[in-house]
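A.B. asks: Sharing a sequence plus its predicted fold:
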Amino acid sequence: MKRILLIITALLAGGTILRQRSEESTRLREVSARLQGEVLTASNRLAMALSSVDSRRQQLASESAKSDSAIAELHEAGRLRSQASSSTEWASVTPPTNLPAWTPESPYIWLEKPLLKRMQLTVFLPNGDLTPTATEFFAMETDEAKSLRQTLKRIVAEHRRRETARARVEQDHLPQIAMEKGQKFTLHIEPLADVFTDLRREFEAALTLQLGTQRVELLKRSIQPGLSDLFGRQASQVRTRSFVLLPSGLFKMAEDRGNAGTSVSCCFRDIRSTVPEHLHHLIPPEFLAKSDEPAEP
């Protein structure tokens, strides 16, 4: 009899435990379903918020572009009105006999064209575009300038694409940097003889075709350094630049310039100023993070 009571008691206890576990499992499933619903709702809200932010960002970019365009149009209209007024007033004025000459009441400076050969000005922007100053000196019409600028930027973009394909990061640092303590980074660029020759010639041909030989020759002293900056001064040779992040938080660089030898530069805070913009993606993140830190007072 006692054995039967013990068995019945055990069965009742087991049933109670199983019922409690079943109830607990049901509660857990309910909680899990509720949490999944909350997560789904939060995800939907987040997606909607991100979509709204992206839409607003695009709207702001569009409004900014329209604003910039309107400002440019107003500036151009003002310039044309000013030129028209000045040109009408001084159209019949005879240039002075002796040049150069300065007439205080005149909106013009009287110079002989050959003097332009002695001038030095920045002709190109880093992307190959013409600077506003160069456009003025070239005395270009708006449509003429727009066409040339698009062509020059396209050629430089192609040069950058090919140079990027030939660039890589190495751990074989130049001796002047290898001996230093600190994190190191070396950028190696294979020779670009074909790119340098073909694209630079295409660039110069486009410039001469649009401007004419006379204007190009008169401003050759300014144009040639700009071309070297755009297409590289040693593009036909292997180029290697090694960097080290010194304990002081500043950078030191050694550059192998082929036949020109190796130069060392120290000490600078922003590594991006010594690496072409289209190769910035090859710079290690820790080097970029250090460059973004504010300078110590």
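C.D. replies: Perfect, thanks for sending it.
A.B. asks: wait, what's in contact with the closest residue to Arg239 other than its chain neighbours?
C.D. replies: Nearest non-adjacent residue to Arg239, counting by Cβ to Cβ, 6 or more residues apart in numbering: Ile189, 4.4 Å away. C-beta: built from backbone N, CA, C; applies to glycine. Neighbour list for Ile189: 163, 166-167, 238-240 [criterion: Cβ atoms under 8 Å, 6 or more residues apart in numbering].
A.B. asks: Reformat those as CSV; add neighbour count, pLDDT and distance to Thr151.
C.D. replies: Below are those laid out as CSV (neighbours: other Cβ atoms under 10 Å; pLDDT from 0 to 100; distance: Cβ to Cβ, whole Å):
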residue, neighbour count, pLDDT, distance to Thr151
Glu163, 22, 86, 19
Arg166, 15, 87, 24
Ala167, 19, 90, 25
Val238, 14, 73, 30
Arg239, 22, 82, 27
Thr240, 19, 90, 32
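A.B. asks: so which pair among those residues is furthest apart in space?
C.D. replies: Glu163 and Thr240 (14.1 Å; Cβ to Cβ).
A.B. asks: if we can go back for a sec, sort out which of the contacts of Ile189 are in strands and list them.
C.D. replies: 167, 239-240 (DSSP state E).
A.B. asks: Helices along the stretch 101-250 of the chain, start to end?
C.D. replies: Taking DSSP state H, counting those that start in this stretch as the criterion, the stretch 101-250 of the chain contains helices spanning 132-137, 142-165, 175-178, 193-211, 213-218, 220-231.
A.B. asks: Can you say which of these is nearest to Asn259?
C.D. replies: helix 193-211 (13.7 Å).
A.B. asks: quick one: that closest one to helix 142-165, angle?
C.D. replies: 180 degrees (axes from the mean of the first three to the mean of the last three Cα atoms, to 10 degrees).
A.B. asks: Residues touching helix 193-211, excluding its own?
C.D. replies: 128, 138, 140, 144, 147-148, 151-152, 155-156, 158-159, 162-163, 216, 223, 227, 230-232, 235-236.
A.B. asks: Then stretch 271-279?
C.D. replies: With Cβ under 8 Å, 6+ apart, stretch 271-279 has contacts from 126, 160, 163-164, 167, 187, 241, 243, 251, 253, 265, 268, 280, 282-283, 287-288, 290-291.
A.B. asks: Double-check Gln171 against His188; I have them as touching.
C.D. replies: No - assessed by Cβ atoms under 8 Å, Gln171 is found out of contact with His188, at 10.4 Å.
A.B. asks: out of these two, which sits in the busier spot?
C.D. replies: Shown here are Gln171 and His188; by other Cβ atoms under 10 Å, His188 has more neighbours (17 against 8).
A.B. asks: show me what contacts that one?
C.D. replies: So His188 contacts 167-170, 238-240 (Cβ under 8 Å, 6+ apart).
A.B. asks: same question, Phe137
C.D. replies: Applying Cβ under 8 Å, 6+ apart, the residues near Phe137 are 116, 121, 219.
A.B. asks: can the contacts of Ile189 go into CSV with extra columns for distance to Val275?
C.D. replies: Shown next, in CSV, are the contacts of Ile189 (distance: Cβ to Cβ, whole Å):
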residue, distance to Val275
Glu163, 12
Arg166, 15
Ala167, 10
Val238, 16
Arg239, 11
Thr240, 12
